[in-house]
Every structure is written in structure tokens, then in C-alpha cells.
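Q: structural data only, the sequence is not supplied:
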């Protein structure tokens, strides 16, 4: 295997590593432990999740700018990955709800901050004609590993208690992150930190934020990204709770539904990679949002039997969304500010991850006592956000040179 292909697969394995956290911690076990076992509320989970996202939202542009100044990504990825792994392992200490949520906030901050550096590394392992397939490979690896970790962790959680899922997930995260940390090449060789780096990074971020309004395609894309990821991140966080409260799913059925959804996410990611390289990342992303609209619309009115269809539909949409979304961001961004702009992209996505769960938690709290109606109202709010994001995305102009090179590559 060539060094470039080895680097690509090593990079893609990191998607596998961090998706185990997203699935097992964020979607599967944390909300259920807090709500069902520790007597907490959906709103408590929302506050912890949103607080960590608020911190990462403000820090992401600075983290990206500092990495641009050094020309390096891997050292920062090592630090943030280590933080996520350690905090996730500590969540298994069987503490009270408050301690668990604090550790979760730390783990989620590190997990989300790492994505600033990881996403920017896509430029190190692919060229213009292979961006879509490289991105799709990472998403596909991620969801394939998520199924593996889901079924590996579930027996541990059933035997030793749900909290045992957290250290088991930390081990998966660490093992599959290592190839990326060791084998993906760097484009720069500067020190991680120079005197005055924070001041320079802050100045660059401020200049870039002032520059964005003069570049409408990128500015509009970031607005669209905020709106539709508001819905996507909230579904990821509360899917297990929703099907339990609305559909009456058992714990075993929740695991099966998440596995089924993840299986379709793999197919959606791999298929979307080729679609991106053939028709362009914007049109491919629009197809993914159409799938989301279908899935959330069905979830809004579905009984238990139909929820088994919602999982595969939203799973396909999830894999397809991430495969196209980060490629479109890359193609709209100038190379010299890639880390910084991915930091702003991360900031926008994290603000959406703050508002979505808070809106969900507030709706469920205000409609407490209405049973499934509260959860259906929360889903309806996500559908509104998704449609608004799709409307803004329609006004984004993808660079013609990117689409031309995709067509050339697909011939």
C-alpha cells in the first residue's frame, strides 16, 4: 500500500474512533442514564451539552487560527483526543448526575474541538478530484465502526451496568484514533505555540469575520449549516429518548434501531462520496436534506412500526450530510485560511448544537404531562429548522472549478 493511501485510511479510521463516542455516549447511554436511572430531565442533558458546545463555539476559530500559524494539525489533535478519551473513561465512575454531566461536558468539548483539526486534515490526504470519496470513506468507516462498537459495548453495559459503556467506548476511541495521530502527514513543521500566538490568532479571526460578509457564498453556507445542523445534532442527542418515549422501544430495540440506522449511514456516506464527485457537493447536500425532511416528517406522525423506517431514512441522510457538508466547506474556503475557517465552521455548528437541544428540552419541559405530544412538538421544531436551512443553501453558489474537476474525475 502506498504512503498516500495508508495516510488516507489512517485519517478515515479517526472517523471510526470519534463516531463511537457520538453513538455510544451522546446518543445511546448518557441521556437514558440521566433521565431514567438518575432522575434527571431532558433539560439537564441539554444544558450540559449546550454549555460544552458554547465553549467550543467560542474557542474553535482561535484553535483553527493557531494551527494555521504553526502549519500543523496533528499535535493539537493529539491533545484534544487525549482529553476526550480520559474524560469518557472517567464517566464510568458511577457518580451522581451532576458529576456525570460535568465529565460529559469536558469529554464532548474535547471531542468537538478535535474536529477542527481533523476536518482540516482532509486537505492533507486528498486532492480536488477525490475530496468527496475521501470524505465519504471517513464517514463510512465511522459508522461501520459505530456498529462494531455498539454491539461490543452493549453486552458490557448489560452485564456491568450502563455506566460501564463509557470506559469501553474510551478504549475504542483511543485504539482507532492512533493510526491518524501517527501516520497522517503534516504540511508544516513549526512549533505548536509561539509568543504572541493568541493575539495574532485573535486578530486573524476578527479579520476573517469582517471578510465573510464580502463573500456571500461562504457566508450563506455557514448560515445554512447552522440551521440544518441544529436539527441533525438534536436528533443524534435525543433519538434514543424519542423512540423510547414515543414508540415504547425497549433497550434491546433501541440498540437494534441504532445499529440499523448506522448501517444505512454507512451506505449513505459511501454513496454520497461518489455523488459529490459527480454532481457537486451542494446538489449532493440538497439530496441529503431532502432525505432528512422525509425522515423527520415521518417521525412526526409515526407509530412504533413506522419508526423502524425513520431510522434507516435518517441514518442514510446523516451519512450523506456529513460526506457532502465538509467538502462544500473546503471548496468555498481559501487554502491559506483553512484551519481558521474550519474553526469558524465549527463555531457555527456548535452554536446550532446549543440552540437545538435547548429548544428541544424547553418544549418537552413546557409540555410536560402531555406524553408523546411533547416529543412530537419537539420534532416539529427540528423540521422547521431543517427546511429553513435548505432554503438558505439553495442560494449558495458552489465554485464552478470544483464542479468541473469533479466531472473530469468521474469520466
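A: Nice, I can see it. This structure is a prediction, so every number in the text was calculated from the model and none was measured.
Q: from here on, just use CA atoms for contacts and neighbour counts.
A: Fine.
Q: I'd guessed residue 157 sits against residue 167; true?
A: No - taking contacts as C-alpha atoms under 8 Å, residue 157 lies outside contact range of residue 167: 10.3 Å.
Q: and these two? Which one has more around it.
A: Higher neighbour count among residue 157 and residue 167: residue 167, with 20 against 16, using other C-alpha atoms under 10 Å.
Q: where's the closest residue to that one other than its chain neighbours, which helix or strand?
A: Nearest non-adjacent residue to residue 167, counting by C-alpha to C-alpha, 6 or more residues apart in numbering: residue 89, 3.9 Å away. Using DSSP states H and E, residue 89 maps to helix 74-90.
Q: burial count for residue 367?
A: Other residues close to residue 367 by other C-alpha under 10 Å number 16.
Q: need phi/psi at it.
A: Dihedral pair for residue 367: phi -100, psi 20, per degrees, to the nearest 10.
Q: just checking, it touches residue 376?
A: No - counting by C-alpha under 8 Å, residue 367 stays clear of residue 376, with 10.5 Å between them.
Q: show me the contact partners of the helix or strand harbouring residue 111.
A: Residue 111 belongs to helix 97-120 when elements are defined using DSSP H and E. Helix 97-120 is contacted from outside by 18, 34, 38, 40, 45, 48-49, 51-53, 55-56, 60, 63-64, 67, 73-74, 76-77, 80-81, 83-88, 90-91, 94, 326, 338-339, 342-343, 346, using C-alpha atoms under 8 Å, 6 or more residues apart in numbering.
Q: and the buried ones among these, selectable in PyMOL?
A: Entered in PyMOL, the line below selects the buried ones among those, by 16 or more other C-alpha atoms under 10 Å:
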select buried, resi 18+34+40+45+48+49+51+52+53+55+56+60+63+64+67+73+74+76+77+80+81+83+84+85+86+87+88+90+91+326+338+339+342+343+346
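Q: hmm, back to that, thought the residue nearest to residue 167 was touching residue 166?
A: Yes - between residue 89 and residue 166 there is a contact under C-alpha under 8 Å: 5.5 Å.
Q: more crowded one of these two?
A: More neighbours surround residue 166 than the other of residue 89 and residue 166, with 26 against 20 (other C-alpha under 10 Å).
Q: state the distance from that one to residue 92.
A: Residue 166 is 5 Å from residue 92, where distance means C-alpha to C-alpha, to the nearest Å.
Q: same question, residue 168
A: Counting by C-alpha to C-alpha, the separation of residue 168 from residue 92 is 9 Å.
Q: how near is residue 276 to residue 251?
A: Distance of residue 276 to residue 251, computed by C-alpha to C-alpha: 36 Å.
Q: the more surrounded of those two?
A: Between residue 276 and residue 251, counting by other C-alpha under 10 Å, residue 276 is the more crowded of the two (29 against 15).
Q: mind listing what the more buried one touches?
A: 132-133, 282-284, 324, 406.
Q: could you redo those as TSV and give each row pLDDT, neighbour count and distance to residue 120?
A: Below are the contacts of residue 276 laid out as TSV (pLDDT from 0 to 100; neighbours: other C-alpha atoms under 10 Å; distance: C-alpha to C-alpha, whole Å):
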residue	pLDDT	neighbour count	distance to residue 120
132	73	31	14
133	80	23	16
282	90	23	19
283	90	18	22
284	91	23	21
324	88	31	15
406	40	24	20
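Q: those residues in helices, which ones?
A: 132-133, 282-284, 324, 406 (DSSP state H).
Q: out of these, which comes closest to residue 362?
A: Here the nearest of the ones in helices among the contacts of residue 276 to residue 362, counting by C-alpha to C-alpha, is residue 324; it sits at 31.1 Å.
Q: now residue 11, nearest residue through space, not along the chain?
A: residue 180 (4.8 Å).
Q: surely the one you found meets residue 14?
A: Yes - counting by C-alpha under 8 Å, residue 14 is a contact partner of residue 180 at 6.0 Å.
Q: pLDDT on stretch 234-243, on average?
A: Mean pLDDT, computed over stretch 234-243, is 82.
Q: ok, back up a step: can you pull the contacts of the residue nearest to residue 167?
A: Contacts of residue 89 by C-alpha under 8 Å, 6+ apart are 166-171.
Q: in the protein, which helix or strand is least confident?
A: Ranked by mean pLDDT, DSSP states H and E, the helix or strand of the chain with the weakest confidence is helix 400-410, at a mean of 42.
Q: before we move on, back to that, quick one: which two of the contacts of residue 89 are the most distant?
A: Pairwise distances across those (C-alpha to C-alpha) peak at 8.8 Å, for the pair 166 and 171.
Q: just to revisit the earlier point, the helix holding residue 89 to helix 97-120, inter-axis angle?
A: Here helix 74-90 runs at an angle of 150 degrees relative to helix 97-120 (axes from the mean of the first three to the mean of the last three C-alpha atoms, to 10 degrees).
Q: re earlier: do you know how far the residue nearest to residue 167 is from residue 310?
A: For residue 89 relative to residue 310 (C-alpha to C-alpha), the value is 32 Å.
Q: again with residue 172
A: 28 Å.
Q: the strand or helix carrying residue 359 packs against which elements?
A: Using DSSP H and E, the element containing residue 359 is helix 338-366. Judged by 3 or more C-alpha pairs under 8 Å, 6 or more residues apart in numbering; DSSP states H and E, the packing partners of helix 338-366 are helix 42-70, helix 97-120, helix 216-245, helix 304-332, helix 372-393.
Q: now it: buried residues?
A: Within helix 338-366, the residues that count as buried by 16+ other C-alpha under 10 Å are 338-364.
Q: give the rounded mean pLDDT of that helix.
A: Averaged across helix 338-366, pLDDT comes to 79.
Q: now that helix: how far from the chain's centre is it?
A: Relative to its chain's centre, helix 338-366 lies at 11 Å (C-alpha atoms, centre = their mean, to the nearest Å).
Q: please consider this matter closed, and thank you.
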